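> give the three-dimensional model of this entry:
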Amino acid sequence: MTACMLAWNQCLVADENSDEVIEILTLGDSITQAESNRASFRYPLWKKLIDAGINFDFVGSMDNQFSQYNKGTPPHYDYKGHKFDRDHEGHFAWSADEIIRGRNYDNGSGSGRLQDWLTEYDVDIALIHLGTNDAFMQQDNQTTSKELESIVSLLREDNPRVIILLARLIPTTRTAQDTKSVVSLNESIARLSKTLGTADSPVILVDQYDGFDGETDLYDKVHPNARGEEKMAEKWFDAIQRALKK
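Purely as a prediction, here's the structure:
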């Protein structure tokens, strides 16, 4: 669909009768990939998009979930005659800079780098939830922000009209320092979102932090449980709807 040369808000129309397919990239770390016995937010989001009658396709170099710690079958049941679209770009334990420079080995979290992945698919809307591992490593926020900016630039090189949905990160309760680091990085991400948008390629801040309860919405102090996945999916879905209607 990225070949469309109309203004971005004219090109992306949520019409179930349209032949145009909206290519959606979910880009992130383990919170996006999820462990093998978890659905990930991608599954409830997929169902919401089907219910809305949006003609879409999830894209990415990955179609698996991480199985090092938990081995099992993700609860991805067929829905309204559709099989779950497993494609994504979630990479367990990767930092933002690794998305750019890549890894040359695959431990179940993928390999390669964004610039190369983008030669295999198109992206109309990118959902970015990245920076948690950077915060855990105590990387300074300015560096992480620059890396996120570079990721947006790579997406725009592939499609100058890509819509960017950039998330404030969900909270963590792993340690007090991790909690503080995520809160601080989220402030930088919010500021960054205000400077990155263009007329052709808007950036929409998606506040995944607000309303997410670190005590009840996480199963291991870092990753969302089913309730948390549903909350994330609803935030992404609302943002996609806003993008399509603008």
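
> shaky segments in this protein?
Applying pLDDT under 70 to the chain flags the ranges 1-18, 69-70, 246.

> can you rerun that using 80?
Along the chain, segments meeting pLDDT under 80 span 1-19, 68-72, 246.

> need the strands for it, in chain order.
22-28, 56-59, 89-90, 125-129, 163-168, 203-207 (DSSP state E).

> out of these, which is closest to Asp116?
Closest approach to Asp116 among the strands of the chain (Cβ to Cβ): strand 89-90, 11.6 Å. Heads up, the C-betas are built off the backbone N, CA and C, glycines and all.

> what is the neighbour count of the residue lying closest to Ile22 once chain neighbours are set aside?
Of all residues not flanking Ile22 in the chain, Phe56 sits nearest, at 4.5 Å (Cβ to Cβ, 6 or more residues apart in numbering). Phe56 has 22 neighbours, counted by other Cβ atoms under 10 Å.

> can you redo the strands of the chain as a markdown table with distance to Ser145?
Shown next, in a markdown table, are the strands of the chain (distance: least, Cβ to Cβ, whole Å):
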| stretch | distance to Ser145 |
| --- | --- |
| strand 22-28 | 16 |
| strand 56-59 | 25 |
| strand 89-90 | 20 |
| strand 125-129 | 12 |
| strand 163-168 | 11 |
| strand 203-207 | 13 |
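
> quick one: closest of these to Lys194.
Of all the strands of the chain, strand 203-207 comes closest under Cβ to Cβ, at 7.9 Å.

> what angle separates the closest one from strand 125-129?
Counting by axes from the mean of the first three to the mean of the last three Cα atoms, to 10 degrees, strand 203-207 lies at 40 degrees to strand 125-129.
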